[in-house]
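[1] could you look at this predicted model? Sequence included:
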Amino acid sequence: MTADTTLAYDYPLLGVFWSMLWVFLWVIWIFLLVRIIVDIFRDDTMNGWGKGGWLIFVLVLPFLGVFVYLLARGKGMGKREAQHALAQKRELDSYIRETAGAGKSSEVEELARLSEIKARGDLTEEEFQRAKEKILH
């Protein structure tokens, strides 16, 4: 072995903890920066110049920009996030209602056509019951 070789046990436990802490803080910082940039673009009350100004401020002076943004507009971030989640829920509920309702209306239409055919006398009662069972199951 040479004198330049560093072994795993040469790295103290406190050094591992300190490195993990810095990595954790770096990940949180990136997450916070992305959340603020998303919030800048999500805000409907700001015009384009305001969004551009905040974006440049946050990207050019990130620590100061994020701190000032959180102080100035932090309370609204939670409200905008809640509104966005509520809008997504409404859209999902609407989609589910449309999709579920489409299948029911077609079954109702088929049963109505079947009863019209039976009323004309083209189907017997037994054929009508078999066709109705196929539609409902």
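    Thanks, I have it. Residues are numbered from 1 along each chain as shown.
[2] how about the secondary structure of the residue nearest to I117 when sequence neighbours are not counted?
    The shortest distance from I117 to any non-neighbouring residue, by CB to CB, 6 or more residues apart in numbering, is to L123 (5.2 Å). All C-beta atoms are positioned from the backbone trio N, CA, C, and that covers glycine. Secondary structure, DSSP: H, G, I helix; E, B strand; the rest coil: L123 is coil.
[3] could you pull out the helices for this protein?
    Along the chain, the stretches classed as helices by DSSP state H are 13-42, 48-60, 62-120, 125-136.
[4] the longest one to helix 13-42, inter-axis angle?
    Angle between the axes of helix 62-120 and helix 13-42 is 60 degrees (criterion: axes from the mean of the first three to the mean of the last three CA atoms, to 10 degrees).
[5] pLDDT below threshold where in this protein?
    Residues of the chain meeting the criterion pLDDT under 70: 1-3, 5-9, 101-105.
[6] and the helices of the chain as TSV, adding mean neighbour count?
    Output for these, formatted as TSV (neighbours: other CB atoms under 10 Å):
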stretch	mean neighbour count
helix 13-42	12
helix 48-60	13
helix 62-120	12
helix 125-136	12
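[7] reformat these as TSV; add distance to D4.
    TSV is the format used below for these (distance: least, CB to CB, whole Å):
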stretch	distance to D4
helix 13-42	18
helix 48-60	41
helix 62-120	37
helix 125-136	81
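[8] so what's the residue nearest to I117 up against?
    Residues in contact with L123 (CB atoms under 8 Å, 6 or more residues apart in numbering) are 114, 117, 131.
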